[in-house]
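S.K.: Here is my input; please provide its structure:
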Amino acid sequence: MWDALAHWPGAVALRQSSTLYLFVNAAHILGIGLILGPILALDARMLGWAKTVPLSILGPFLSGTAKLGVIVAVLTGVALFSVRPADYADNPAFLSKIGLVLVAVANAVAVDRSRAWRNAIATNEIAARLRVQAAASAGLWIAALVAGRWIGFL
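M.R.: Reported below is the predicted structural model:
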């Protein structure tokens, strides 16, 4: 399976063109930035910082930006993975990153679909449950970032 993915035309093109690889890698970093910046700001707001900033304005904008970041990061991440799939699949840092990202995304989806989130947007009041999820979110996303940087060192 990994061999087939490594011979996908996109993977071959990325291996043959350092310029293409550079742009896909840069887009991956942009996607990560579009996730972390907005999510950490939103988590901080839900944890009580900048209470004067209305969540009704901040929440939808930041969560929408982070959703775009997830799309960009996943698409470019799959492309980058395809360059050396067997190596990445055996890398504990990569596996940690993927696990952390999956849990972080699941947490974000749970927040986004919750009644507590809709109430927070409407009333600017943050339920204790959302505060716990915000703290978990910040920790998970930072841990995923660290695991991602760790990949190159193993």
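
S.K.: from here on, contacts and neighbour counts on C-alpha atoms
M.R.: Will do.

S.K.: mean confidence score for stretch 128-144?
M.R.: Mean pLDDT, stretch 128-144: 98.

S.K.: actually stretch 113-124, sorry about that
M.R.: This predicted structure assigns stretch 113-124 an average pLDDT of 96.

S.K.: again, but for stretch 82-93
M.R.: Averaged across stretch 82-93, the pLDDT comes to 96.

S.K.: If we go by neighbour counts, what in it is buried?
M.R.: Along stretch 82-93, these residues count as buried under the neighbour rule (16 or more other C-alpha atoms under 10 Å): 82-85, 88, 91, 93.

S.K.: Can you tell me which of the residues you listed end up in helices?
M.R.: Assignment to helices by DSSP state H places the following of the buried residues of stretch 82-93 there: 85, 88, 93.

S.K.: and of the buried residues of stretch 82-93, the nearest to Leu5?
M.R.: The nearest member of those to Leu5, counting by C-alpha to C-alpha, is Ser82 at 5.7 Å.

S.K.: quick one: contacts for that closest one?
M.R.: 5-6, 8, 10-11 (C-alpha atoms under 8 Å, 6 or more residues apart in numbering).
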